[in-house]
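> Have a look at this prediction, sequence included:
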Amino acid sequence: MEKRVCNDCQSTFCTIHVNTKLDRLMAEHSAFKHHLSQLTKNKPALLVEIDQWEMEQHDKIRRAADQARDNIRRVLDESNEELKNKLRALTDRLNSTKSTRLHLESSVDRLSNQLEQLKEDLDQATSAIQLNTEEINWEKMIEIRKIHKIRDFKHSLEPSPRQMMSVKSETSSSIASSGKTLLYTDGNSSLCLTDKFGMKKVNIEWSTDWGQIEDCCWSPHLSRFILLSQRNLYIVDPVNYQVIHNQKWKPYKNYRSCTCCCDEQILFVGYSEDGAPLEEHSINDWTISKRWTLLNTSEFVQCIRFINSGETIAFLIGLNSKNLSRFEIRNRQTMNIIHLLQLEHFYSRLIHIPNEGSLVVHSNQKRLLLLTKTSENIQRTEIDYGDGVCNGTLMDQNCLVLRTKTELYFHDI
């Protein structure tokens, strides 16, 4: 048995300093326990903030209503004053006509018409005022979101992974997560489902006749996994473990598809042919919604992933002529480039992480590249990893699963 040496006195089996450290640890434990109990007793600061927000909104609504009332009164007063002036003028003309005793029929008719016009103006004084109120989406007025903070992503990968699982990576290394459930290929003839603890493992048969899986993603709209082979699309139900060939989906010009990602009811598909377009497919009927021409003839889409709650898309572009890659962030709606970064190597996969960053995988190399978007540019952080990573995904926003040729590594971040 290995002998432990005390750091304080350099003695072996030093009970004095061990007991001192244990007492200090117990004191820290008691202090933390007391602090935790006080948090449960006291009203959380966020609830106080909500109370303050509620009072402020009430005050804003009251001020807006008071302002609207004042505006209504002002408009009505102006209309009434105008009608009174017209009525006084008509009264003067009536008195003048009566005093001169020149009761011409035409004059009487004209005055009668003017009186009728005043009556109409009075009726329209209120009906001519339109009240426009904006409908308030009360459900969106205040939202509660749990933020998963990554203290130091690089350091979170330095300890040994919490969980390891053996896998077969004969050709495909595809992997995807619904948040709770992990799907990955296990060799060429099997799919596997498991949770972030590596428990409840289920095997699903995959026929080699269906082709090699190039990429996969989770569809919240379908509550299913979407699997992409080179020229076919399959749907996997994680509840009844069925694999369904979607025959409605067809590749562009029989091109070889290589990457996909989902956003609500839209599936994006990229192809490995140079200059091939990026396609949007409606998940409702699998028709083409849009076809984006974004690349030069010597470029192709290696990997696409949604970031920033689906508002932007991260692209990994392959440059065949130079054997290099380029990283891009584009607007989801317009596909305009927001950020662009030339990479020095040929990378293969992107893994989205919660702080609007992307972990870029260098094919089977013991090096990862963390790209974090700042207000002005993209910050690069190189991370040395003990084994060659070929793919990965995120589970529950706080569990990073990295895949090598033979293992799955589960890291809490």
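Now that the structure is in, tell me what you want to look at.
> Now do the helix or strand residue 317 falls within: which elements does it pack against?
Using DSSP states H and E, residue 317 sits within strand 312-319. When contacts are defined as 3 or more C-beta pairs under 8 Å, 6 or more residues apart in numbering; DSSP states H and E, strand 312-319 sits against strand 299-307, strand 324-331, strand 349-353. To be clear about C-beta, it is placed using only N, CA and C from the backbone, and glycine gets the same treatment.
> got a list of contacts for it?
The contact list for strand 312-319 (C-beta atoms under 8 Å, 6 or more residues apart in numbering) reads 261, 268, 295, 298-307, 325-332, 335, 338, 346-350, 352, 358, 360.
> where along this structure do the helices fall?
With DSSP state H, the ranges of helices along the chain come out as 15-41, 45-100, 105-127, 138-141, 153-156.
> quick one: which of the ones you listed is nearest residue 244?
helix 138-141 (34.5 Å; C-beta to C-beta).
> Centre of the chain to the closest one, how far?
Relative to its parent chain, helix 138-141 has a centroid offset of 18 Å by C-alpha atoms, centre = their mean, to the nearest Å.
> Of the helices and strands packed on strand 312-319, give the one that comes closest to residue 382.
strand 324-331 (13.8 Å).
> Mind listing residues that contact the closest one?
Under C-beta under 8 Å, 6+ apart, the answer for strand 324-331 is 294, 299, 302, 307, 311-319, 336-347, 358, 360, 371, 373, 378.
> Can you select the buried ones among these for me in PyMOL?
This is the PyMOL syntax for the buried subset of the contacts of strand 324-331, where burial follows 16 or more other C-beta atoms under 10 Å:
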select buried, resi 294+299+302+307+312+313+314+315+316+317+318+319+339+341+343+346+347+358+360+371+373+378
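> buried subset of the contacts of strand 312-319?
Here, 16+ other C-beta under 10 Å leaves 261, 268, 295, 299-307, 325-330, 332, 346-350, 352, 358, 360 buried among the contacts of strand 312-319.
> and the residue nearest the centre of the chain, how far is that from residue 371?
Centre of the chain computed as the mean C-alpha position; nearest residue by C-alpha atoms, centre = their mean is residue 309, 0.9 Å away. Distance of residue 309 to residue 371, given as C-beta to C-beta, to the nearest Å: 18 Å.
> Same question for residue 330.
14 Å.
> Could you list the domains of the chain?
The chain resolves into domains spanning 45-141, 153-412 when parsed by automatic domain parsing.
> now the end-to-end length of the last one.
The one in question is domain 153-412. Terminal residues of domain 153-412 lie 10 Å apart, using C-alpha to C-alpha, to the nearest Å.
> quick check: mean pLDDT across it?
On average, the pLDDT along domain 153-412 is 90.
> Mind checking the helices of the chain for the one nearest to residue 278?
Nearest to residue 278, of the helices of the chain and by C-beta to C-beta, is helix 153-156 at 28.4 Å.
> Give the buried residues for that closest one.
residue 153.
> In terms of secondary structure, what does it contact?
strand 378-389.
> could you give the angle of the strand it packs on to strand 324-331?
Following axes from the mean of the first three to the mean of the last three C-alpha atoms, to 10 degrees, one obtains 130 degrees for the angle between strand 378-389 and strand 324-331.
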